[in-house]
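Visitor: any chance you can model this:
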Amino acid sequence: MTTLSPHHPVQLRPVRQGSSLPSSKSQLNHSLMADPETDQLKSRAAGGTEHSWCKAVPGGTGITALAILLSKAPDFSLLQAALLKLQNAHPILRSRLHFDPDTNTFSFVTSQNPYLQLQTFDLSSTSNILQALPNPETVSVSPFHLIFEHQLNLNTWHDPDPSSDTDLFFASVYTLSNDEWVVTLRLHTAVCDRTSAVALLRKLLELTGGGREKELREEEELISLGIEDMIPTGKANKPFWARGVNMLGYSLNSLRLTNLNFIDANSPRSSELVRLHLPADHTSQIIAACESREIKVSGALAAAALIAAHSYKHLPDGKWAKYGVTTLVDCRSNLDPVLPADHIGFYHSAILNTHDLNGSETLWEVAERSYRAYANAKNYNKHFSDMADLNFLMCRAIENPGLTPSGSLRTSLVSVFEDCVIDESNQLYQEMGVKDCVGCGSAHGVGPSIALFHTIRDGRLDCACVYPSPLHSREQILELVETMKRILIDGCATETE
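Guide: Modelled structure (predicted):
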């Protein structure tokens, strides 16, 4: 393994004071602080949602990873320069995580200059890594897949050290063969949600495409603010008694939820991945069926997962079971001020719904029911008003795993993003030799049994399905995903009859 040094050594210099995100909320102007002694660093405390991720990541949930499979050797110096430009343009990416054990709080400390160093692994080093990784004997898994899972489980933040701040952004290149390379990005989810990850990947390709260095517009010097500080006035309001009732409701419902069968609830866990692919014709049929019902593809995916899990349970005919669905919504367009899609940070919120199934339901019946339940909750601003409740409950589960079934830390059956990512190949992909790419987050700490990250890539559905292993086995999830695929295809068939 080698490490490329940045073009310029990191030198901390005084920064201009008073920078703040334009906002109608005057209190936001006071959320950035400069070190009075050095005048070189900016720092702010982690917000409520960010704090929850900082608590979750040591246990294994909240490592954002992206990987690109290339057929052409990347230009390491160009890639290094592009990474530094990304850090320059987005101050949160050049932050480090600080943990204060006295107050049990986290904060982001942002340096003036970028510092990321690209790690490169030659053919021999990559081969050694692959040989050391557990490779399932019963399932064929590609080296690209194994390298990605390796990145998904590299937990730099597993043991917060108060004596040393920890980087939040890492990049590596692995040489798989003489004609295949993998470029990976790995980030702490507290500073990089799915929308951020997509934006970073696209910007990286733009900066390095064509073998020439390109410029990136620098944003104003500021530290990205936490989502709680940007919720429009009144949207998160909830009477104290209502908050108590909701907390009780969430707690009671969690005890009633049916889980996918646990294979091994005692051994140490890691995140593994299965991908669900559908051809273009079936994908277009699913999109059309969703549009005709005024629902999104996320509703169909959640429904397929619910029906597949219920069939996997082999319950007696007509027996009802309750399942949890967590839907993640990108709040950027609803914040004050509104944020662009390429504003890096964590600006998603979650809505948790439960659904009862008895095995007689059709795909589109469950899809409409689940999506409309989510949409109705969103219309009532529950993604804002319940944010603190869900963060609190997540932290309580992390601290007390015994409150969850078999200490599994499962909070729902499935999680899905409201919106899918649209990715179309272009000349840039051809220039760089892009053969495949995948991005998702780890979920072997607190979280669902299966986390769905869906993309429509060149008109075809490509859904990364992340699960905790060995709580669930690869064979078990492969069977579940194949059942989901069959349910989706059968659902297309009913549309054409």
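Visitor: from now on I want contacts and neighbour counts done on CA atoms only, so please keep to that.
Guide: Fine.
Visitor: so what's residue 62 closest to, chain neighbours aside?
Guide: residue 189 (4.9 Å; CA to CA, 6 or more residues apart in numbering).
Visitor: can you show me the strands along the stretch 301-450 of the chain?
Guide: 321-330, 348-357, 410-417, 421-423, 434-443, 447-457 (DSSP state E, counting those that start in this stretch).
Visitor: with mean neighbour count and mean pLDDT added, can I get these in a markdown table?
Guide: Converted to a markdown table, these look like this (neighbours: other CA atoms under 10 Å; pLDDT from 0 to 100):
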| stretch | mean neighbour count | mean pLDDT |
| --- | --- | --- |
| strand 321-330 | 21 | 97 |
| strand 348-357 | 19 | 96 |
| strand 410-417 | 25 | 96 |
| strand 421-423 | 15 | 96 |
| strand 434-443 | 22 | 97 |
| strand 447-457 | 24 | 97 |
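Visitor: out of the ones you listed, which is closest to residue 172?
Guide: strand 434-443 (14.5 Å; CA to CA).
Visitor: which other helices and strands contact the closest one?
Guide: Contact partners of strand 434-443 among helices and strands, from 3 or more CA pairs under 8 Å, 6 or more residues apart in numbering; DSSP states H and E: strand 61-70, strand 447-457, strand 460-469.
Visitor: lowest-confidence helix or strand of the chain?
Guide: Lowest on mean pLDDT, DSSP states H and E among the helices and strands of the chain sits strand 33-34, with a mean of 40.
Visitor: thinking again about what came up before, same list (the strands of the stretch 301-450 of the chain) but as JSON lines, adding distance to residue 102.
Guide: Putting the strands of the stretch 301-450 of the chain into JSON lines (distance: least, CA to CA, whole Å) gives the following:
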{"stretch": "strand 321-330", "distance to residue 102": "33"}
{"stretch": "strand 348-357", "distance to residue 102": "29"}
{"stretch": "strand 410-417", "distance to residue 102": "29"}
{"stretch": "strand 421-423", "distance to residue 102": "41"}
{"stretch": "strand 434-443", "distance to residue 102": "28"}
{"stretch": "strand 447-457", "distance to residue 102": "28"}
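Visitor: out of those strands, which is closest to residue 155?
Guide: strand 434-443 (9.8 Å).
Visitor: the closest one vs strand 61-70, what angle?
Guide: 170 degrees (axes from the mean of the first three to the mean of the last three CA atoms, to 10 degrees).
Visitor: so strand 434-443 versus strand 447-457, what angle?
Guide: 160 degrees.
Visitor: mind listing the strands strand 434-443 pairs with, and their directions?
Guide: Strand pairing for strand 434-443, determined by DSSP bridges: strand 61-70 (antiparallel).
Visitor: and the strand it pairs with, which residues are buried?
Guide: 61, 62, 63, 64, 65, 66, 67, 68, 69, 70 (16 or more other CA atoms under 10 Å).
Visitor: for the fourth one, list the residues it contacts.
Guide: With contacts defined as CA atoms under 8 Å, 6 or more residues apart in numbering, residue 64 is in contact with 152, 186-189, 192-194, 197, 439-442.
Visitor: about what we covered before: could you dump the helices and strands packed on strand 434-443 into JSON lines and include distance to residue 313?
Guide: Listed next are those as JSON lines, based on distance: least, CA to CA, whole Å:
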{"stretch": "strand 61-70", "distance to residue 313": "26"}
{"stretch": "strand 447-457", "distance to residue 313": "14"}
{"stretch": "strand 460-469", "distance to residue 313": "17"}
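Visitor: element containing the closest residue to residue 171 other than its chain neighbours?
Guide: Spatial nearest neighbour of residue 171, excluding adjacent residues (CA to CA, 6+ apart): residue 185 at 4.5 Å. Using DSSP states H and E, residue 185 maps to strand 180-188.
Visitor: run the chain-centre distance for that strand.
Guide: Put simply, strand 180-188 sits 15 Å off its chain's centre (CA atoms, centre = their mean, to the nearest Å).
Visitor: who's in contact with that strand?
Guide: 57, 62-74, 144, 148, 151-152, 168-176.
Visitor: also stretch 348-365?
Guide: By CA under 8 Å, 6+ apart, stretch 348-365 touches 193, 253, 257, 300, 303-304, 307, 310-311, 317-332, 370, 373-374, 377-378, 382-384, 386-387, 390, 487-488, 491.
Visitor: closest one to residue 421 among the helices and strands packed on strand 434-443?
Guide: strand 447-457 (4.6 Å).
Visitor: roughly how far is that closest one from the heart of the chain?
Guide: 9 Å.
Visitor: which strands and helices lie in contact with it?
Guide: strand 410-417, strand 421-423, strand 434-443, strand 460-469.
Visitor: ok, and what's touching that strand?
Guide: So strand 447-457 is contacted by 61, 259-260, 409-417, 420-425, 439-440, 443, 461-468, 472 (CA under 8 Å, 6+ apart).
Visitor: try it again at 6 Å.
Guide: 410-416, 420-424, 461-467 (CA atoms under 6 Å, 6 or more residues apart in numbering).
Visitor: now residue 304, nearest residue through space, not along the chain?
Guide: Residue 304 sits nearest to residue 484 (CA to CA, 6+ apart), 5.0 Å away.
Visitor: which strands and helices sit next to the helix or strand in which that neighbour is found?
Guide: Residue 484 is located in helix 474-496, with elements delineated by DSSP H and E. Secondary-structure packing of helix 474-496 (3 or more CA pairs under 6 Å, 6 or more residues apart in numbering; DSSP states H and E): helix 297-313.
Visitor: which parts of the helix it packs on are buried?
Guide: Quick answer for helix 297-313 (16+ other CA under 10 Å): 297-310.
Visitor: follow-up on the earlier one: residues contacting the residue nearest to residue 62?
Guide: 62, 63, 64.
Visitor: kindly state the beta-bridge partners for the most centrally placed residue in the chain.
Guide: The C-alpha lying nearest the average C-alpha coordinate of the chain belongs to residue 441 (CA atoms, centre = their mean; 4.0 Å). Beta bridges link residue 441 to residue 64, judged by DSSP bridges.
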